[in-house]
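> quick one, structure for this:
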Amino acid sequence: MFEKSKLKKEIKKSIERINFLEQKRVRSQAALVEAILKNTQPNDEDVDYFNQFTEKIDAERDNLKRLQNELEELNNK
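Here you go, the predicted structure:
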């Protein structure tokens, strides 16, 4: 029972981290879209931020999937 509670808390934290990272990525994403619409070269810094946050989001989503699978396995026991 303790393990399920712990996993649920970790899942909640993981979702919160994903939301936080996605919010931080929005600024660079908006700058990239603006550059595309204006047919200009995007700022390298915005591209780097976008790529860094995307990597972190992808890693956290993988972690979330792992946690959800662990919880599902515990629920099936």
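> helices or strands up against the longest helix that the chain contains?
The longest helix of the chain (DSSP state H) is helix 2-37. With contacts defined as 3 or more Cβ pairs under 8 Å, 6 or more residues apart in numbering; DSSP states H and E, the secondary structure elements packing on helix 2-37 are helix 44-75. All C-beta atoms are positioned from the backbone trio N, CA, C, and that covers glycine.
> distance between the helix it packs on and the chain's centre?
Its chain's C-alpha centre and that of helix 44-75 lie 5 Å apart, by Cα atoms, centre = their mean, to the nearest Å.
> buried stuff in it?
For helix 44-75, the neighbour count (16 or more other Cβ atoms under 10 Å) marks 46, 49, 50, 53, 56, 57, 60, 63, 64, 67, 70, 71 as buried.
> picking that back up, the longest helix of the chain - what's its average pLDDT?
In this model, helix 2-37 has an average pLDDT of 95.
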